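Student: predicted coordinates and the sequence they were generated for:
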Amino acid sequence: MSNGGFYFRYWGVRGSIPAPGPDTARYGGNTTCIEVQVGDQLFCVDGGTGVRMYGQDLLRRLPVQVTFLMTHLHWDHVQGFPFFTPFLVPGNEFHIYSGHHNGGNILGVLKQLMAQPAFPISMDAFQSEVSFDFLEPGDALPFGDLTIRTALLNHPGGVIGYRFEYGGKVFVHASDWEQPADGSLDEEFVAFIRDADVLSVDATYTDDEYQGKVGPMRKGWGHATQEEAIRHADAAGVKRTILFHHEQSRTDAEMDALGAKLFGGRTDLSFAVEGERVDLL
Ligand SMILES: [Zn+2]
Ligand SMILES: [Zn+2]
């Protein structure tokens, strides 16, 4: 490692569908994408629309080697890839890990995304080296002094959580996880996030939305509530919890009001903000 740095940055924090506009400008409207840098190794979790801006940032520091880690293959986690410009520039290397979800993988999804009649340019236009690998949830990926642990989390079709362990610090990104619908504690999830220094966790709904007291009941839709995300983080001894994958219709003003009610002055809880960088080392 050339240096001891360890940070992540949110390029997209919105769930399900992009939600740009004046009402979401502060927390951000792009779908999920998280840059993680450990020493001089670059990682990126998911390729929602936020990956377009990550690509613009990378253009200023070419050539690069980036390892992508896919949580799963739903639209909001892949839809930015066709606009990730560094794929089209020679001299870079990208390695993309994904699991198999409902029989599919990231290579198949990218081929479909970048093909007529839905898109004018195919993967043949890639000038960089782009390679693919497939992992089984539970696999640990060693990258020198960094270990990335993985786990299968509760979501329709499955989703992979990533736990980065480096320099005595732990960062866990757990997107698109749904709490147990019966109100019990997800013990396997608690074990996976245990003692994390920072947890970035799905918290799409309020408890009232999940239960169907406001709008349709959301049980089985694949997402957690803010209250349950915090309860699980507390049970696991997480030091700092960042609520992520914001519901698409949630405005900045509504998020501010929710945060004031939910966090109760606790400084270890916050909502993810597009562009925010969090340093672990
Ligand atoms: Zn999602
Ligand atoms: Zn999903």
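Tutor: Received it, and whenever you're ready, just let me know what you need. Quick caveat: nothing in here was measured; it's all calculated off a predicted structure. Ligands and ions are numbered 1, 2, ... in the order given.

Student: excluding chain neighbours, what is closest to L153?
Tutor: Computed as Cβ to Cβ, 6 or more residues apart in numbering, the closest residue to L153 that is not its neighbour in sequence is W177, at 4.3 Å. In short, each C-beta sits where N, CA and C put it, glycine included.

Student: report how many residues lie close to that neighbour.
Tutor: Using other Cβ atoms under 10 Å, W177 has 27 other residues around it.

Student: so it touches G158, yeah?
Tutor: No: taking contacts as Cβ atoms under 8 Å, W177 lies outside contact range of G158: 10.8 Å.

Student: quick one: low-confidence ranges for this structure?
Tutor: 1-4 (pLDDT under 70).

Student: start to end distance for stretch 32-43?
Tutor: Taking Cα to Cα, to the nearest Å, stretch 32-43 runs 14 Å from one end to the other.

Student: are it and ligand 1 in contact anywhere?
Tutor: No: using Cβ under 5 Å from the ion, stretch 32-43 stays clear of ligand 1, with a minimum separation of 6.0 Å.

Student: now that stretch: buried residues?
Tutor: Using 16 or more other Cβ atoms under 10 Å as the test for burial, stretch 32-43 gives T32, C33, I34, E35, V36, Q37, V38, G39, Q41, L42, F43.

Student: which residues sit in contact with the fourth one?
Tutor: Contact partners of E35, counting by Cβ atoms under 8 Å, 6 or more residues apart in numbering, are F8, R9, W11, L42, F43, C44, Y54, D57.

Student: ligand 1 contacts on the stretch 101-250 of the chain?
Tutor: Counting by Cβ under 5 Å from the ion, the stretch 101-250 of the chain sits next to ligand 1 at D176.

Student: mind listing the strands for the stretch 101-250 of the chain?
Tutor: 129-134, 140-143, 146-153, 159-166, 169-174, 198-202, 240-244 (DSSP state E, counting those that start in this stretch).

Student: quick one: which of those is nearest T71?
Tutor: Across the strands of the stretch 101-250 of the chain, T71 has its closest neighbour in strand 159-166 (5.1 Å, Cβ to Cβ).

Student: related to what we said a few turns ago, rebuild the buried residues of stretch 32-43 as TSV, extending it with distance to F192 and secondary structure.
Tutor: Below are the buried residues of stretch 32-43 laid out as TSV (distance: Cβ to Cβ, whole Å; DSSP: H, G, I helix; E, B strand; the rest coil):
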residue	distance to F192	secondary structure
T32	19	coil
C33	22	strand
I34	17	strand
E35	22	strand
V36	17	strand
Q37	22	strand
V38	19	strand
G39	24	coil
Q41	22	strand
L42	24	strand
F43	18	strand
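
Student: okay, now the residue of the stretch 151-281 of the chain found nearest ligand 1: neighbour count?
Tutor: Closest to ligand 1 within the stretch 151-281 of the chain is D176: 4.5 Å, counting by Cβ to the ion. D176 is flanked by 29 other residues according to other Cβ under 10 Å.

Student: let me see the contact set for the nearest residue to G15 once chain neighbours are set aside.
Tutor: Nearest residue to G15 in three dimensions, chain neighbours excluded: H245, at 3.7 Å (Cβ to Cβ, 6+ apart). Residues in contact with H245 (Cβ under 8 Å, 6+ apart) are V13, R14, G15, S16, T32, S175, D176, D202, A203, T204, H223.

Student: which of the residues you listed fall within helices?
Tutor: Secondary structure from DSSP state H places none of the contacts of H245 in helices.

Student: closest to R277 among those?
Tutor: Looking across the contacts of H245 and measuring by Cβ to Cβ, the closest to R277 is V13, at 12.8 Å.

Student: from what I see, that closest one and T24 are in contact.
Tutor: No: judged on Cβ under 8 Å, V13 makes no contact with T24 at a distance of 9.8 Å.

Student: wait, V159 sits on T150?
Tutor: No: with contact defined as Cβ under 8 Å, V159 does not count as touching T150 (10.6 Å).

Student: the more surrounded of these two?
Tutor: V159 (26 against 21).

Student: what bridges to the more buried one?
Tutor: L153 (DSSP bridges).
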